[in-house]
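>>> just coords:
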C-alpha cells in the first residue's frame, strides 16, 4: 500500500508539471545553451526546394517565413487559398511543419499584389487566408486585428528569445515612382507616410519596452538598412527608419536583431546607432527556390561581406549565456556561403 501511495504521488506531480508546461508558450526542452532560428523567403511550391531536409537537420527551434511564401499575385481569394494549399503538399515542408514550430509574415506576392500596400482592395480577406495557412486559431485575437503582425516568446534553460513579426504591407503608404533615374522608387520625407501604421507602431513600442527577453528578433519582410537600391525598402521612408532605430535604442530591449527577405539575394548589413551598445544587424535571407542569379552589384553602405545571389536560407545560432549570435547564409547540403558573428 505504501508503494501505491508513492506511485500515486509521482503520477500527480508528473500530471501537474505537464499541465504547467502546456500553459507556457514555446518552452523548448533543450540542455544546450543555443537557440536556433531558421528563416527564409521567396518560395514557389512548384519549383524544386533543395533545403527542407538541410533546414530540418539544423534542428531549429523555430522556422520563420520572411514573406513571399507563395507567389499568388491575385485578388481572387479562392485562388489565393489554392496556391497556399499547394505549399502544404510539399513533402519536405510538411515534414518540417510536423516537427518545428512555424511562424512568420507575408510580403507582396502572398499579400496579393506586387509591391502592394494599404491600397490593396482585398487585404482583409487575404489576411484571413494567410492566418488559415499559418494555423492561427479561429478565436485568436489576430483574427480581429488589422494586419498579420504578432510576437512569439520562447524559453530555454538559460533565458528567453522574443520574435516580433511585423506587417510591412497592410498599412504601408503608397510608394513614389522615380521618374528621374533608373531606380524604381524614390524616398519620401512626408511625415504622414508610414510603413507600419499608427496601431502597429504603438504595438511594437510596447513589445520592445516590455520585453525581458535576452534576444529580440524583428522579422521585417523588406530590408531595413539597405536603402540605396531603389527597390522596396524601409529606405523609401527615411523618417520611418529613424523612428525604428530610435525606438530600438530607447526601449532598452536586449539583443535586437533585424531579419528581412524580399530581394532574391542574401546579405548582412550592420550599423551603429546612438544609444545602442551594440551594432544593429539586418540579416537578409532571400531566395529559397529562385534567386537573382544575374546580380551584378548595387550600393549598400551598411553591407558586411559580399552579396550571395545563389539560392539560400538563413540560420541564426544564439548563445544566450555568452550573449553571442552567429549568422549563417546557408546553401545546399550544409554549405556555409557566408557568416557573421556578433556579441551583444
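In hand now; what should we look at? It should be emphasised that the depicted structure is a prediction, and the values quoted were computed from it without experimental measurement. Residues are numbered from 1 along each chain as shown.

>>> near residue 126, how many other residues are there?
With neighbours defined by other CB atoms under 10 Å, the count for residue 126 comes to 26. Using the backbone N, CA and C atoms, a C-beta is placed for each residue, glycine as well.

>>> spatially, which residue comes closest to residue 186, not counting chain neighbours?
residue 178 (3.9 Å; CB to CB, 6 or more residues apart in numbering).

>>> quick check, the one you found in contact with residue 230.
Yes - counting by CB atoms under 8 Å, residue 230 is a contact partner of residue 178 at 6.3 Å.

>>> when these two are compared, which one has more neighbours?
residue 230 (18 against 14).

>>> count of residues packed around the residue nearest to that one when sequence neighbours are not counted?
Nearest non-adjacent residue to residue 230, counting by CB to CB, 6+ apart: residue 183, 2.6 Å away. Neighbour count for residue 183, taken as other CB under 10 Å: 15.

>>> cool, and residue 331?
Neighbour tally, residue 331, other CB under 10 Å: 18.

>>> residue 336 too?
The local packing of residue 336 (other CB under 10 Å) involves 10 other residues.

>>> which non-adjacent residue is nearest it?
residue 328 (5.4 Å).

>>> helix, strand, or coil at the one you found?
Assigned state for residue 328: strand (three-state reduction, DSSP: H, G, I helix; E, B strand; the rest coil).

>>> check contacts around it.
314-317, 336, 338-339 (CB atoms under 8 Å, 6 or more residues apart in numbering).

>>> go again using 6 Å as the cut-off
Contacts here follow CB atoms under 6 Å, 6 or more residues apart in numbering; on that basis residue 328 touches 315, 336, 339.

>>> now residue 264
By CB under 6 Å, 6+ apart, the contact list for residue 264 reads 42, 286-287, 291-292.

>>> for it, report the pLDDT, please.
Residue 264 carries a pLDDT score of 97 in this model.

>>> how about it: what's its closest non-neighbour residue?
Closest residue to residue 264 apart from its sequence neighbours, by CB to CB, 6+ apart: residue 292 at 4.0 Å.

>>> can you tell me how far that neighbour sits from residue 55?
Here residue 292 is placed at a distance of 21 Å from residue 55 (CB to CB, to the nearest Å).

>>> which of those two has more residues huddled nearby?
Between residue 292 and residue 55, counting by other CB under 10 Å, residue 55 is the more crowded of the two (24 against 18).

>>> what lies in contact with the helix or strand that contains that one?
In the assignment (DSSP states H and E), residue 55 maps to helix 52-57. For helix 52-57, the surrounding residues in contact (CB under 6 Å, 6+ apart) are 38, 92-93, 96, 334.

>>> can you tell me which of the residues you listed has the most neighbours?
Ranked by the number of neighbours (other CB under 10 Å), the contacts of helix 52-57 place residue 38 first, at 24 neighbours.

>>> residue contacts, that one?
Residue 38 touches 55, 58, 60, 63, 315, counting by CB under 6 Å, 6+ apart.

>>> out of these, which is nearest to residue 269?
Among the contacts of residue 38, residue 315 lies closest to residue 269 (CB to CB), at 17.3 Å.

>>> for this protein, which spans come out with low pLDDT?
By pLDDT under 70, the low-scoring segments of the chain are 1-33.

>>> any idea what the spatially most central residue of it is bridged to?
Against the mean C-alpha coordinate of the chain, by CA atoms, centre = their mean, the closest residue is residue 219 at 3.2 Å. Per DSSP bridges, the residues bridged to residue 219 are residue 165, residue 259.

>>> how many neighbours does residue 312 have?
Burial of residue 312 is recorded as 24 neighbouring residues (other CB under 10 Å).

>>> I'd like the distance between it and residue 41.
Taking CB to CB, one finds residue 312 at 10 Å from residue 41.

>>> list the contacts for the residue nearest to residue 338 when sequence neighbours are not counted?
Spatial nearest neighbour of residue 338, excluding adjacent residues (CB to CB, 6+ apart): residue 329 at 4.4 Å. Listed by CB under 6 Å, 6+ apart, the contact partners of residue 329 are 266, 308, 312, 337-338.

>>> can you add secondary structure and distance to residue 246 and give those back as a markdown table?
Below are the contacts of residue 329 laid out as a markdown table (DSSP: H, G, I helix; E, B strand; the rest coil; distance: CB to CB, whole Å):
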| residue | secondary structure | distance to residue 246 |
| --- | --- | --- |
| 266 | strand | 27 |
| 308 | strand | 30 |
| 312 | coil | 32 |
| 337 | strand | 33 |
| 338 | strand | 30 |
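
>>> most neighbours among these, which one?
The residue in the contacts of residue 329 with the most neighbours, by other CB under 10 Å, is residue 266 (29 neighbours).

>>> where's it relative to residue 254, distance?
Distance, residue 266 to residue 254, by CB to CB: 26 Å.
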